[in-house]
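Q: with the input below, show me the fold.
(one chain, ligands or ions: 1)
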Amino acid sequence: MAHRPVVAAAILDSLESPTRLLCASRAYPAALAGLFELPGGKVEPGESPSGALGREIAEELATSLILGPEVAAPDGGWWPVLEGRRMAVWLARIADGAPAPRRGPSHRELRWVPLDRLDALDWIGADRPIVRAAVRVARTRSASSEAGPGAHGSALGRGRI
Ligand SMILES: Nc1nc2c([nH]c(=O)n2[C@H]2C[C@H](O)[C@@H](COP(=O)(O)OP(=O)(O)OP(=O)(O)O)O2)c(=O)[nH]1
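A: Take a look at the predicted model:
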């Protein structure tokens, strides 16, 4: 059976004027403990990608998100990550009125890191090109934000999860 796909969020302090990304270091398994990742997890059978991401964010960070645009891989699809899995990534911010993200058992640490200092973190190797692409999309979007709501909408449709 094919591996379950993975969904993750590049959570920014702001979609319109992003300066920092929420970086999470994994608590387990031992091989990945201490490495940084984008919060998210596997899509369970019967779930939509956005439904799975909303569930993972509630479980891991006890908050909810507004999704921005998708950060697509160079081939336009999902990113190759560990274990031969594929991962979809969306820019996001914390939803208005939602609690600040709280670290749960999945993570050792949550850290808001300035966008120009992300390369210095010890990421899961597969995440480095994804994080760079997320910063590019975030900056492009921010530079063209006068295009107004609806510009650069995600494939899922923008909205709260
Ligand atoms: N969440 C997340 N997973 C990633 C990233 N990069 C990467 O290679 N992965 C891999 C690690 C795992 O093989 C897989 C996701 O597993 P997970 O352990 O986060 O998923 P989950 O929360 O559903 O876990 P579980 O219920 O099976 O414990 O994707 C990333 O940035 N975020």
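Q: what about the chain, any weak spots by pLDDT?
A: Residues of the chain that meet the criterion pLDDT under 70 lie in 1, 143-158.
Q: indicate the residue of it located nearest to the ligand.
A: Per CB to the nearest ligand atom, G41 is where the chain lies closest to the ligand, at 2.7 Å. Just so you know, the C-beta spots here come from the backbone N, C-alpha and C atoms, and that holds for glycine as well.
Q: tell me which parts of the chain are close to the ligand?
A: Contact residues, the chain versus the ligand (CB under 6 Å from any ligand atom): 6, 8, 37-38, 40-42, 56, 81-83, 85, 87, 124, 126-127.
Q: farthest-separated two in those?
A: Pairwise distances across those peak at 17.5 Å for E56 and A126 (criterion: CB to CB).
Q: compare neighbour counts for those two and give me the winner.
A: Using other CB atoms under 10 Å as the criterion, E56 and A126 rank with E56 on top: 23 against 15.
Q: that one and V7 touch, don't they?
A: Yes: if you go by CB atoms under 8 Å, E56 and V7 touch, sitting 7.1 Å apart.
Q: next, count neighbours for P105.
A: P105 has 9 nearby residues by other CB under 10 Å.
Q: assess the claim that it and A27 are in contact.
A: Yes: using CB under 8 Å as the test, P105 is close enough to A27 to be in contact (6.3 Å).
Q: all strands of the chain, in order?
A: For the chain, the strands defined by DSSP state E occupy 6-11, 20-26, 36-37, 40-42, 65-70, 79-80, 86-94, 107-114, 159-160.
Q: other residues contacting the top helix by length along the chain?
A: For the chain, the helix that runs over the most residues, judged by DSSP state H, is helix 128-143. By CB atoms under 8 Å, 6 or more residues apart in numbering, the residues outside helix 128-143 that reach it are 10, 12, 15-18, 21, 38, 68-69, 71-73, 79, 81, 87, 89, 91, 115, 118-119, 123, 151-152.
Q: buried ones among these?
A: Burial by neighbour count, 16 or more other CB atoms under 10 Å: within these this picks out 10, 12, 15, 18, 21, 38, 68-69, 71-73, 79, 81, 87, 89, 91, 115, 118, 123, 152.
Q: which residues does G159 bridge with?
A: Using DSSP bridges, the bridge partners assigned to G159 are L67.
Q: for it, what are its contacts?
A: When contacts are counted by CB under 8 Å, 6+ apart, G159 touches S50, I66, L67.
Q: I'd like to know how far it sits from G51.
A: Relative to G51, G159 is positioned 12 Å away (CB to CB, to the nearest Å).
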